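Undergrad: got a predicted structure here, sequence first:
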Amino acid sequence: QVQLVGSGGGSVQSGGSLRLSCSVSGSHYCMGWFRQAPGKEREGVAVIDSDGSIKYADSMKGRFTISRDNAKNLLYLQMSSLKPEDTGMYYCAAAATDCDPWLNPGTFGIWGQGAQVTVSS
């Protein structure tokens, strides 16, 4: 059974940084990070395929960096210049096929348990 185990969530002040990690059992072509704030739909944060192609949601560009270590089956999300509106539960996700449509939760069939990120002003 494929599993994703995320870690690295926490509480920071506005302008701070956090790094999320996700350990994946097995290899997957497409991997990504999504987030969900209370009362809102899950939204795409960043997606990366095994060739290194990346897409970010517009509001994360320049602040978040997604990366992956294919040899170790690890996925990372470095978050900087965090804002209160970045608060939410962050999920790592994987898909066996291509990433299209990118940043769409429906593309991904395997999900981690989520990590809470709280940014205070």
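TA: Sure thing, it's come through.

Undergrad: quick one: the strands in the chain, in order.
TA: 4-7, 10-13, 18-24, 30-36, 43-49, 54-56, 64-69, 74-79, 88-95, 110-111, 115-120 (DSSP state E).

Undergrad: ok, which of the ones you listed comes nearest residue 103?
TA: strand 43-49 (2.9 Å; C-beta to C-beta). All C-beta atoms are positioned from the backbone trio N, CA, C, and that covers glycine.

Undergrad: please state the offset of that closest one from the chain centre?
TA: Distance of strand 43-49 from the chain centroid (C-alpha atoms, centre = their mean, to the nearest Å) equals 6 Å.

Undergrad: ok, it: who's next to it in the sheet?
TA: For strand 43-49, the pairing partners within the sheet under DSSP bridges are strand 30-36 (antiparallel), strand 54-56 (antiparallel).

Undergrad: what does the last one contact?
TA: Spelled out, it's strand 54-56. Strand 54-56 has contacts (C-beta atoms under 8 Å, 6 or more residues apart in numbering) with 45, 46, 47, 48, 64, 66, 99, 102, 103.

Undergrad: noted, bye for now.
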